[in-house]
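J.: Please work out how this folds:
(chains A and B)
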Amino acid sequence: MSVETREMLINMGPQHPSTHGVLRIILKLDGERIAGSEPEVGYLHRGFEKLAENMLYQQFIPYTDRLDYLASMNNNQSYVVAVERLLGIKAPPRAQAIRVIMSELGRIASHLVWLATHALDIGAMTVFLYCFREREAIIDLFEAAAGNRLNYNYARIGGVAFDLPKGFKENLQKFLDIFPEKLDEYHRLLTKNRIWLSRTKGIGILTKEQAINWGTSGPVLRGSGVEWDIRKAFPYDGYENYDFDVPTNQTGDVYGRYLVRMEEMRQSRRIIQQAIEHLPDGPVILQDSPYVSPSKEKIMTENFSLMKHMVLTIKGMRTPVATLYSATENPKGELGFYIVSDGSGKPYKLKIRAPSFINISAMPTMLKGNYVADVIAVIGSLDFVFGECDR
Amino acid sequence: MLFKDLRKGLAVTIGYLFRRPVTVQYPDEKLIPPVRSRWRHYLGVFPDGKIRCIDCGLCERVCPPKVIKIIPVINEDGTKSAGKYEIDLGRCMYCGFCVEVCPELAILMSSEDYEFANYDRDKLVYQKESLLKGRNKDNE
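T.: Numbers count the residues shown, from 1 in each chain, chains lettered A, B, ... in the order given. Sure thing, here's the model as predicted:
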């Protein structure tokens, strides 16, 4: 009698606790090894690109919050930078600095959630609790500034919605002072831990060529040894004025991406420190611009301002007829907006280049030849959010 | 030394055993939200109790999920105001655009009134009468 062996198909998800949302992976197994895999996305599709065609440019800002809901500030910034480039305007220096502070805080918050859940999936529960404690401090800062805890709706076309609240700088400085200590603590818990090392080192390898060919971006690309950061390559919102490094790692495995993100948090802290030390004075939103509503005082006292405000709210801005692609560096990678404008107040077409979606496509390459248990480690190290992937 | 790396991590966790917890026991202790927090809507009124809304319809237009519905009335003196004002808080996305565009300070958002969860979706549709109630201090 001969023993017959054949490959087995297994579904992981869409409700598996470690898939971070609704990801379904069809695994083709050869014993314990993965012979092939196919990620299936789209369970969280809400049709944002179509929604955008039916609303004014400024009305779409709260929807960008709901793309990558762990880093809403970054999405806000990314979208308004794209629209500002379309209109050919620039936010005032103070607004730019505030946006940089907020988006770097958002990057830290997003990476903290990544570290928390990644460690929890692999079995280190303590890290989860500690990371969420630090994230809470950031969210409190956001709540004081923007008024909401998760979907901030803070950036506006031509600036930001409100100036920084009273006491924000002091609270932020307090957080920045304690944060490196806490980061060292995570390093003590994980970086040299032998369980962590054996679960992450040499797992899910993505070589430099593969990473570039699959179009990955962000920490996934940098973890494979490519020094590429939109903040350095195509600076926006005054990133060229800040001094920071782009961490890379040559290994391309789960551990490499872990080290890259840990170092990115330290670099983000450096950027925020520089930004609050040289925070310029002045308005936080463009004054007397044809694309920006006047302040409330003017609307309530001047007839012309009221008319302009009404036209902007009802008909929208008069945009140039153009197509434009604009990208910014999000915690997950390159978030791009491709806008086709036909001159009206609504975008004719708005395409979102979601980094999570493109990073997921590299997953079958990473998984091939690994064990089933390593799928979780690879998912964690890719750090995708399904709000953005399925959008 | 044996398991030196694991002990290093354990030293961190054991250190936390003797510290105070950072969590808040919600229904017993409550944190006060910052003044900019966007929670339940309420309608602004003049000191004499007259409703400020003039039915310009800007909030209706700007609302991204289209949850605001106004039916105007014409008063005896010829001015317009909101006869019916309805907000579906179950579908509201709390972006705050309605407050931002209102030229009359007629719609505002409370920073304190956040406990309005309900088992019934229909009860989250707030009418003018309930939106006039439960104002906070800066509306007086």
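J.: Where do the strands of chain B begin and end?
T.: Taking DSSP state E as the criterion, chain B contains strands spanning B:41-43, B:68-74, B:80-88, B:107-109, B:125-126.
J.: List the residues that contact residue A:289.
T.: If you count contacts by CB atoms under 8 Å, 6 or more residues apart in numbering or on different chains, residue A:289 has them with A:89, A:158. No exception for glycine: its C-beta is placed from N, CA and C like everyone else's.
J.: Check which helix or strand it maps to.
T.: Counting by DSSP states H and E, no helix or strand carries residue A:289.
J.: Kindly reformat the strands of chain B as CSV and extend each row with mean pLDDT, distance to chain A and mean neighbour count.
T.: Formatted as CSV, the strands of chain B follow (pLDDT from 0 to 100; distance: least, CB to the nearest CB, whole Å; neighbours: other CB atoms under 10 Å in any protein chain shown):
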stretch, mean pLDDT, distance to chain A, mean neighbour count
strand B:41-43, 86, 13, 22
strand B:68-74, 88, 13, 14
strand B:80-88, 85, 15, 18
strand B:107-109, 87, 8, 21
strand B:125-126, 86, 19, 20
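J.: Let's have these in TSV, adding distance to residue A:307.
T.: Listed next are the strands of chain B as TSV, based on distance: least, CB to CB, whole Å:
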stretch	distance to residue A:307
strand B:41-43	25
strand B:68-74	20
strand B:80-88	18
strand B:107-109	20
strand B:125-126	31
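J.: With residue A:281 as the reference, name the closest of those strands.
T.: Closest approach to residue A:281 among the strands of chain B is made by strand B:107-109 (28.6 Å; CB to CB).
J.: Give me every residue in chain B lying close to chain A.
T.: B:5-6, B:8-9, B:11-13, B:22, B:33-38, B:56, B:58, B:61-62, B:64, B:93-97, B:100-101, B:103-105 (CB under 8 Å from any CB of the partner chain).
J.: 7 Å instead?
T.: By CB under 7 Å from any CB of the partner chain, the residues of chain B that approach chain A are B:5-6, B:8-9, B:12-13, B:22, B:34, B:36-38, B:58, B:61-62, B:64, B:93-96, B:101, B:103.
J.: Find the centremost residue of chain B, please.
T.: residue B:39 (1.2 Å; CA atoms, centre = their mean).
J.: Starting from residue A:96, give me the distance back to that residue.
T.: Relative to residue A:96, residue B:39 is positioned 30 Å away (CB to CB, to the nearest Å).
J.: Please apply the same query to residue A:120.
T.: With CB to CB as the criterion, residue A:120 and residue A:96 are 36 Å apart.
J.: before we move on, the earlier item: which among the strands of chain B is found nearest to residue A:24?
T.: Closest among these, once you apply CB to CB, is strand B:80-88, at 33.0 Å.
J.: Between strand B:68-74 and that closest one, find me the angle.
T.: 160 degrees (axes from the mean of the first three to the mean of the last three CA atoms, to 10 degrees).
J.: can you list contacts of strand B:80-88?
T.: B:41, B:43, B:51, B:53-55, B:67-75, B:124-128, B:131 (CB atoms under 7 Å, 6 or more residues apart in numbering or on different chains).
J.: Look up phi and psi at residue A:28.
T.: Dihedral pair for residue A:28: phi -100, psi 110, per degrees, to the nearest 10.
J.: who touches it in this structure?
T.: Going by CB under 7 Å, 6+ apart, the list of residues near residue A:28 reads A:7, A:9, A:35-37.
J.: Please check those and keep the buried ones.
T.: Buried members of these, scored by 16 or more other CB atoms under 10 Å in any protein chain shown, are residue A:37.
J.: and the next element down the chain from the strand or helix carrying residue A:106?
T.: Using DSSP H and E, residue A:106 sits in helix A:93-122. Using DSSP H and E, the helix or strand that follows helix A:93-122 in sequence is helix A:125-146.
J.: Show me what that following helix is packed up against.
T.: When contacts are defined as 3 or more CB pairs under 7 Å, 6 or more residues apart in numbering or on different chains; DSSP states H and E, helix A:125-146 sits against helix A:93-122, helix A:168-190.
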